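Enquirer: What shape does this take:
(chains A and B)
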Amino acid sequence: MGTLFAKNAPIILVAMAQAVLLIVGALDISIGIQLALVNVVVIMLPQELGMSIPVAWIFGILASLGISAAGGFLVAVLRIPSLLATFALVFVVKGVNVLIMNVPQGSVPKAYYSGYDTVLFGFLPVAALIILGVALMWMVVKRAKFGKHIYAVGANPRNAFAAGINPTSTIMKAFLFKGLITGIAGISLTLMIAAGNPLQVESYGLKSLAACIIGGLGFGGWGTMACALFGSGFLVLIQNAVYYFFNFLQGVIDGFQITSYWQNFISDLIVMLGLLMTTVTARAQREALKQGISRQLKRGEKYAK
Amino acid sequence: MQNSNKKQMTAAIGINRFIKQNPAGMTFVIAIILLVLTFIVRPNSLNTNTFSSIILLTLLLSFASAGQTLVLIGGGLDFTVGAVMSSAAVMTTFLMQGQNGKLLPVLGVVLLIGLVVGVINGISTIKIGLPAMIVTMAISNLVARTQYLFAADGKSLGYAGPNLIKSVSYKFGGVVPSIIFYAILIWGIMFYLLNRSIFGKQLYLVGDNKEAAKLSGIKVNKIIILSYIFSGLLSAFAGMLGAAYMTVVSAQVFDKYAFQSLIAVIVGGTALSGGLGTYSGSIAGALLMTVLSNGLTALALPDPIKNISYGVVMILLLFAYNRTSAVRE
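Expert: Model (predicted):
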């Protein structure tokens, strides 16, 4: 239980960060490589400049906020479709990462990562506590004015504008909020692997997106953080279950060999089935999703129906 | 005096119109400018090898983009292009084992892969009703995994046949690679599909407005499935040629073509929303992407800087041609 949370807290947190953007009607596939950026900053600052680790964490979150602000600028101010803008951003962040740290290196003091792995009172893993903290933060934000604005802009930016909400600044703020969560996720990742690697977890960008969609989030104005939690939980549990199931089979049947390729194939297959399963979930929600993504991809209202 | 002013004005308006309304032409112009800039900064990179490799890579990317163009015009998105290309390449080397004479069976098997993936793509995007981006991504994961059946530990188990290799990378006059014959074939197919066939006309209509297309009696689902099938077939064919170009193939070698083809098509003026776009634009986009990465390689920048400038240039291009309109408008 403890390890399950500790090993998968980063992907769950990233999915939650992605959820904020999906609700406001954007997406970010560079989110995975941004985790690596936080990881690199958090490892390199104490190692090269002798900074204390908590201060480095603050700088890590600042770095994530900065890159998210850049992404928000591209999407909200320059109005480039977010899929394309953030794909271009992947290359930029990758370059920055390697500039800061050229080869995988570094370590985290044992006190920190063993603290991350502990289970409080015998049942509450610290990693779960972090997830809970972020979820609480979202609950507060959702009830604030900003939360209402996010839903309004996600549902229909034009109507929101007519109602006196500034879509540009709302999308920008959503990106910054995502940056904050990504920063926390990056720190958990650092504590989990206790090392630095500039080119890791790039796939988390697409994975988190898939997690959110499986969880039932639509593009724009629909869904909650719980969708992201359930979706990423589904992915994580499937992967673990497939792994343990094959290990179990190997124990029971003599000479039963299976490679990790097949394990991945089976879990991908189940994910595909999970997508198929969404056909039986609420139709209205799917309509919202489809409309949202077409609006998201349209060059402008001119081409929208 | 007034007359010359007027002439200048009309010229300026003409240029303006060209920039605004002809993204394909502009992309081509930008690509040429980039190429010339590269040669000015690095004169020693100006040789026949550079030209032939640019032509080869551009054409390979343009084959991959052909299917993507069709799907995008129909209002979808195909992320399986890369995975299908890789599978086709792995399959080609696995079956050929470096021998001639197996060309037709290999072609058949490869096209079958494309056909099957295309049919699955088309049917699932329609039936699942989720965004094409998500569905094709999940399918592309599955396709990518199956390659490992034919490539143990990710390494391919054979080589492409020498005749096939020769038919792709033999150089006429040391410059023009023979892949150009395949290019002419694919141009012909694409030109017929988009500009002369009923399918093309209906595809544009479906991409522009699905409801209106349905009301005017077009079988929307059939058109969309067909566009995915064509995309699968074209990318499988591209993968086979890619295997000949690479000689030795490892699994997932062409996976990055999924995004590259998407960007090439978008930069070439095809709308992500569908109903708009040309194949010549996609070729220009492919040329631009190839010239860009060639230029960055020729400048011999360190890797991180190369990545950063690649991203920044891409952002600038997207900024120029793919902005959505402001809420106020």
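Enquirer: Contact partners for the residue nearest to the spatial centre of chain B?
Expert: Centroid-nearest residue in chain B: B:S65, 1.7 Å away (criterion: Cα atoms, centre = their mean). Contacts for B:S65 were tallied using Cβ atoms under 8 Å, 6 or more residues apart in numbering or on different chains; they are B:S261, B:A264, B:V265, B:G268, B:S282, B:I283, B:G285, B:A286. C-betas here are computed from N, CA, C, even on glycine.
Enquirer: Okay, buried residues for stretch B:40-47 please.
Expert: B:S45 (16 or more other Cβ atoms under 10 Å in any protein chain shown).
Enquirer: With stretch A:188-198 instead?
Expert: A:S188, A:L189, A:T190, A:L191, A:M192, A:I193, A:A194, A:G196, A:N197, A:P198.
Enquirer: Do you know the pLDDT at B:A83?
Expert: On pLDDT, B:A83 comes in at 90.
Enquirer: before we move on, back to that, and the furthest pair within the contacts of B:S65?
Expert: B:S261 and B:I283 (11.6 Å; Cβ to Cβ).
Enquirer: When these two are compared, which one has more neighbours?
Expert: Set side by side, B:S261 and B:I283 show more neighbours around B:S261, with 33 against 28, by other Cβ atoms under 10 Å in any protein chain shown.
Enquirer: For that one, pull up the helix or strand it's in.
Expert: Here B:S261 sits within helix B:257-267, counting by DSSP states H and E.
Enquirer: Repeat that for A:S188.
Expert: If you go by DSSP H and E, A:S188 is part of helix A:167-193.
Enquirer: What are the phi and psi values at A:P109?
Expert: Dihedral pair for A:P109: phi -60, psi 150, per degrees, to the nearest 10.
Enquirer: Tell me which residues touch the residue nearest to it when sequence neighbours are not counted, please.
Expert: Spatial nearest neighbour of A:P109, excluding adjacent residues (Cβ to Cβ, 6 or more residues apart in numbering or on different chains): A:I53 at 7.1 Å. Counting by Cβ under 8 Å, 6+ apart, A:I53 makes contact with A:V42, A:P46, A:V108, A:P109, A:Y112.
Enquirer: from the residues you listed, which two are the most distant?
Expert: Pairwise distances across these peak at 12.1 Å for A:V42 and A:P109 (criterion: Cβ to Cβ).
Enquirer: In terms of neighbours, single out the busier of these two.
Expert: A:V42 (28 against 11).
Enquirer: Quick one: residues contacting the more buried one.
Expert: A:I53, A:A56, A:W57, A:F59, A:G60, A:G186, A:I187, A:T190, A:G196 are the contacts of A:V42 under Cβ under 8 Å, 6+ apart.
Enquirer: Out of these, which comes closest to chain B?
Expert: A:G196 (15.3 Å; Cβ to the nearest Cβ).
Enquirer: Roughly how far does that closest one sit from A:I187?
Expert: Plainly put, A:G196 is 12 Å away from A:I187 if you go by Cβ to Cβ, to the nearest Å.
Enquirer: Which residue does the stretch 101-250 of chain A have closest to chain B?
Expert: For the stretch 101-250 of chain A, Cβ to the nearest Cβ, closest residue to chain B: A:F161, 4.6 Å.
Enquirer: is it true that that residue touches A:S169?
Expert: No: contact criterion Cβ atoms under 8 Å: A:F161 and A:S169 do not qualify, at 11.2 Å.
Enquirer: give the contact list for B:N163.
Expert: Contact partners of B:N163, counting by Cβ under 8 Å, 6+ apart, are B:N100, B:G101, B:L103.
Enquirer: Tell me how many other residues surround the last one.
Expert: The local packing of B:L103 (other Cβ under 10 Å) involves 15 other residues.
Enquirer: Show me the strands in the stretch 1-150 of chain A, by range?
Expert: Using DSSP state E, counting those that start in this stretch, the strands found in the stretch 1-150 of chain A span residues A:119-120, A:124-125.
Enquirer: quick one on the thing from earlier: for the residue nearest to A:P109, report the pLDDT, please.
Expert: Value listed for A:I53 in the pLDDT field: 82.
Enquirer: Also A:E301?
Expert: A:E301 is assigned a predicted lDDT (pLDDT) of 46.
Enquirer: if we can go back for a sec, from B:R42, how far out is the residue nearest to the centre of chain B?
Expert: For B:S65, the distance to B:R42 - Cβ to Cβ - is 27 Å.
Enquirer: How about A:P109?
Expert: For A:P109 relative to B:R42 (Cβ to Cβ), the value is 47 Å.
Enquirer: re earlier: just give me the closest of the contacts of B:N163 to A:G223.
Expert: For those, the nearest to A:G223 is B:L103 (51.4 Å; Cβ to Cβ).
Enquirer: OK, contacts around the closest one?
Expert: B:G161, B:N163, B:L164.
Enquirer: Please convert the residues you listed to JSON lines, extending it with secondary structure and pLDDT.
Expert: Converted to JSON lines, those look like this (DSSP: H, G, I helix; E, B strand; the rest coil; pLDDT from 0 to 100):
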{"residue": "B:G161", "secondary structure": "coil", "pLDDT": "75"}
{"residue": "B:N163", "secondary structure": "helix", "pLDDT": "76"}
{"residue": "B:L164", "secondary structure": "helix", "pLDDT": "77"}
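Enquirer: Among the residues you listed, which one sits closest to B:A238?
Expert: For these, the nearest to B:A238 is B:L164 (13.6 Å; Cβ to Cβ).
Enquirer: Quick one: the helices in the stretch 1-150 of chain A, in order.
Expert: A:2-24, A:31-49, A:53-72, A:82-100, A:110-117, A:126-143, A:145-155 (DSSP state H, counting those that start in this stretch).
Enquirer: got it, and the stretch 151-300 of chain A?
Expert: Going by DSSP H, counting those that start in this stretch, the stretch 151-300 of chain A shows helices at A:157-162, A:167-193, A:204-214, A:225-252, A:260-277, A:283-297.
Enquirer: Buried deepest among those, which one?
Expert: helix A:204-214 (a mean of 26; mean count of other Cβ atoms under 10 Å in any protein chain shown).
Enquirer: how far out from the middle of the chain is it?
Expert: In this view, helix A:204-214 has its centroid 8 Å away from the chain centroid, taken as Cα atoms, centre = their mean, to the nearest Å.
Enquirer: follow-up on the earlier one: from A:L13, how far off is the residue nearest to the centre of chain B?
Expert: Counting by Cβ to Cβ - B:S65 and A:L13 are separated by 36 Å.
Enquirer: Okay, now the unreliable bits of the stretch 201-305 of chain A?
Expert: A:218-222, A:254-260, A:277-305 (pLDDT under 70).
Enquirer: so who does A:V77 touch?
Expert: Applying Cβ under 8 Å, 6+ apart, the residues near A:V77 are A:T168, A:M172.
Enquirer: show me where pLDDT drops low in the stretch 51-200 of chain B?
Expert: Flagging of the stretch 51-200 of chain B using pLDDT under 70 yields the residue ranges B:129, B:151-157.
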